[in-house]
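Trainee: give the three-dimensional model of this entry:
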Amino acid sequence: MRLLVVLVAVMLTVAASATAANPVRATMKTSSTKPLVDTPWRYTITVQDRTGKLLAAKVRIHILLGKLVVGCWKRTAIVACSGATAGTWISFKGKRTGVIRWPAHSAGIKLTFRATVVAWERSLKLRAPVIVQVP
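Mentor: Reported below is the predicted structural model:
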């Protein structure tokens, strides 16, 4: 029985070390911090471990006005919504590129594009400031 307890303890320690040795890293790039109204605006999210291996992940997209959620990704587009749990999770492997067309009513307002990424049971929040411009 003692041997079983020791083996389980060693296995848990190795698993914890493996997780600590390979933390999740997520990055986000956007095509601009000043997108134009009704013009394609791109974002790319990359999720990998310390060695650069691309990881399976999911992301939830929110548009913030200050700390308030005012928009989120639902199925195929950004829509008006509220609450930290609003929106649809998007599953992907390693890299996700998306396109948004900012509406005219968002022009001139300081917004934050936020992506909440979950991989390996870790949650990371990526943010990009956005001020939509009229062409």
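
Trainee: what ranges do the strands span in the protein?
Mentor: 25-30, 40-48, 56-65, 68-74, 77-80, 90-93, 95-101, 110-119, 122-131 (DSSP state E).

Trainee: list the contacts of the first one.
Mentor: Outside of strand 25-30, the residues within contact range by CB atoms under 8 Å, 6 or more residues apart in numbering are 41-50, 57, 113, 115, 117, 119, 124, 126, 128, 130. In short, each C-beta sits where N, CA and C put it, glycine included.

Trainee: and the strands of the chain, which one is worst for confidence?
Mentor: Mean pLDDT is lowest for strand 77-80 among those, at a mean of 92.

Trainee: give the buried residues for that one.
Mentor: For strand 77-80, burial by neighbour count (16 or more other CB atoms under 10 Å) applies to Ile78.

Trainee: just checking, what packs against it?
Mentor: strand 68-74 (3 or more CB pairs under 8 Å, 6 or more residues apart in numbering; DSSP states H and E).

Trainee: any idea how far Ser82 is from Gly66?
Mentor: Gly66 is 13 Å from Ser82, where distance means CB to CB, to the nearest Å.

Trainee: check Thr112 too.
Mentor: 15 Å.

Trainee: of these two, who's got more company?
Mentor: Using other CB atoms under 10 Å, the more surrounded residue of Thr112 and Ser82 is Thr112, with 16 against 11.

Trainee: the closest residue to that one other than its chain neighbours: neighbouring residues, count only.
Mentor: Among residues not flanking Thr112 along the chain, Leu64 sits closest, at 4.1 Å (CB to CB, 6 or more residues apart in numbering). Leu64 is flanked by 18 other residues according to other CB under 10 Å.
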